[in-house]
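> Build the 3D model from these lines:
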Amino acid sequence: MTTQPAKPAWPRTLQMSHVREHHAEFVNRVEKAAMANQTRPLTRESIVTLREITAETARAIMFLDVAPHQDGLVAPNAVSMAQAHFAPLAWMRAIYADEAPVGFLMLEDSTLVASNTTPDLHNGERYIYLWRFMVDARYQQLGYGAQAISAAIAYARTRPGVKCMLLSFVPAEQNPEPFYARFGFVRTGEIDDGEVVMALAL
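As a prediction, the model looks like this:
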């Protein structure tokens, strides 16, 4: 495969590290409120769930951020959440470990549109696309991302007529291809807007 140049990073003012730097007290207050029901330390044994984002939890989800070396590999959550409100196919969820928000996931789900609408197909088959996925840098390497992807795959398998799940990644150093391969995703040979496409048969 010919490696495509990595997409430029999002403007620093949109990155949560910038918000934390300039509005630390406000961010800390929001995150403390979001963790109010978490009564024990998070561990590898914490239970991971996908939950709807509400007006009360939105800010805490927006403030979640990837590690510095992952900047440019995924859009800020605030951008993703804004896009979801204008995309009828978007299915977004916060990733929780026990009662703590630790990440964000968004799918493109063609089954959410009206039944009289012709869905996009991949090789003649209906699909679900992993549009956005991130786990906050503070909660990586604890197995939460793996549990969240497993939950997303389980959701995809419940959708009527869906035969495969697609995703794409920026082919930069330390990209997530090995992580996705663990779940059976394989390269399709396609490049979409500079990103490598992978697929999982459902």
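> List the contacts of stretch 174-186.
With contact meaning CB atoms under 8 Å, 6 or more residues apart in numbering, stretch 174-186 is reached by 69-70, 73, 145-146, 149-150, 153, 165, 167, 169, 171, 196, 198-201. The way it works is simple: take the backbone N, C-alpha and C, and place the C-beta from them, glycine included.
> cutoff 6 Å now
Counting contacts by CB atoms under 6 Å, 6 or more residues apart in numbering, the residues outside stretch 174-186 that touch it are 149, 169, 198, 200.
> Burial check on residue 166, number of neighbours?
When counting by other CB atoms under 10 Å, one arrives at 20 neighbours for residue 166.
> That one and residue 127 touch, don't they?
Yes: judged on CB atoms under 6 Å, residue 166 makes contact with residue 127 at a distance of 5.2 Å.
> For this structure, which segments are assigned as strands?
Secondary structure of the chain by DSSP state E: the strands cover 48-51, 90-97, 100-109, 121-122, 125-135, 162-169, 186-192, 195-201.
> quick one: which of these is nearest residue 38?
For residue 38, the closest of the strands of the chain is strand 100-109, at 4.5 Å, according to CB to CB.
> buried set for the closest one?
Neighbour-count burial for strand 100-109, counted by 16 or more other CB atoms under 10 Å, picks out 100-109.
> For that strand, what is the distance to the chain centroid?
5 Å (CA atoms, centre = their mean, to the nearest Å).
> neighbours of residue 145, just the number please.
Here the number of neighbours of residue 145 (other CB under 10 Å) works out to 21.
> give me every residue that touches it.
Residue 145 touches residue 135, counting by CB under 6 Å, 6+ apart.
> any idea how far it is from residue 153?
Here residue 145 is placed at a distance of 13 Å from residue 153 (CB to CB, to the nearest Å).
> Likewise for residue 59?
For residue 59, the distance to residue 153 (CB to CB) stands at 29 Å.
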